[in-house]
Every structure is written in C-alpha cells, then in structure tokens.
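Trainee: Here you go, sequence then predicted model.
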Amino acid sequence: MPEPLDLPAEERDDSPYDENGVDRSLVRWMLSLSPTERLAHVQSSIDLIMSVRKPPPP
C-alpha cells in the first residue's frame with residue numbers, strides 16, 4: 001500500500017477537497033451543526049439572495 005503522501009492530494013484523507021472538488025471542511029462544518037442550525041443558515045442565505053433580487057423602492 002502506498003504511503004499517504006505518495007497519493008495525489010484528492011485521494012488523501014487529509015486533502016481539503018475530495019475527488020469531485022468538494023470542500024471537505026465545509027461538509028464537516030455543516031455536519032457539526034444541528035438540523036435547526038443548518039436550516040437557519042440556509043434561510044439566512046435565501047434572505048440575502050432575495051434582498052439582492054428585490055427591485056429598489058420607487
């Protein structure tokens with residue numbers, strides 16, 4: 001079996017990204033939150049997007 005440092009970065013467990021380019025630290029962070037905290041974060045993102053999309057008042 002090859003040594004961990006001999007493997008390409010995307011194949012090592014310590015790599016910040018998986019083979020699809022997904023940032024593992026963001027996955028770990030999201031999984032560290034409770035379901036309620038996850039929903040609150042997503043809702044906050046949606047609120048930000050909707051506020052940017054709203055036309056300015058006349």
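Mentor: In hand now; what should we look at?

Trainee: Just the buried residues of the longest helix belonging to the chain, please?
Mentor: For the chain, the longest helix by residue count, based on DSSP state H, is helix 35-53. Of all the residues in helix 35-53, not one is buried under the rule 16 or more other Cβ atoms under 10 Å. All C-beta spots, glycine's among them, are computed from the backbone N, C-alpha and C.

Trainee: what about V27, is that helix, strand or coil?
Mentor: Classification of V27 by DSSP: H, G, I helix; E, B strand; the rest coil places it in helix.

Trainee: Tell me how many other residues surround it.
Mentor: The tally of other residues near V27 (other Cβ atoms under 10 Å) stands at 11.

Trainee: Alpha carbons of the longest helix of the chain, as CSV, please.
Mentor: The C-alpha trace of helix 35-53 is given here as CSV (Å, rounded to 0.1, in the frame of the first residue of the first chain):
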residue,chain,number,x,y,z
PRO,A,35,-30.6,20.4,11.8
THR,A,36,-32.2,23.6,13.2
GLU,A,37,-28.9,25.5,12.8
ARG,A,38,-28.5,24.2,9.2
LEU,A,39,-31.9,25.4,8.3
ALA,A,40,-31.2,28.8,9.9
HIS,A,41,-28.0,29.1,7.9
VAL,A,42,-29.8,28.2,4.6
GLN,A,43,-32.7,30.6,5.4
SER,A,44,-30.2,33.4,6.0
SER,A,45,-28.6,32.7,2.6
ILE,A,46,-32.0,32.7,1.0
ASP,A,47,-32.9,36.0,2.7
LEU,A,48,-29.7,37.6,1.4
ILE,A,49,-30.3,36.4,-2.1
MET,A,50,-33.9,37.7,-2.1
SER,A,51,-32.9,41.1,-0.7
VAL,A,52,-30.4,41.5,-3.6
ARG,A,53,-33.1,40.4,-6.1
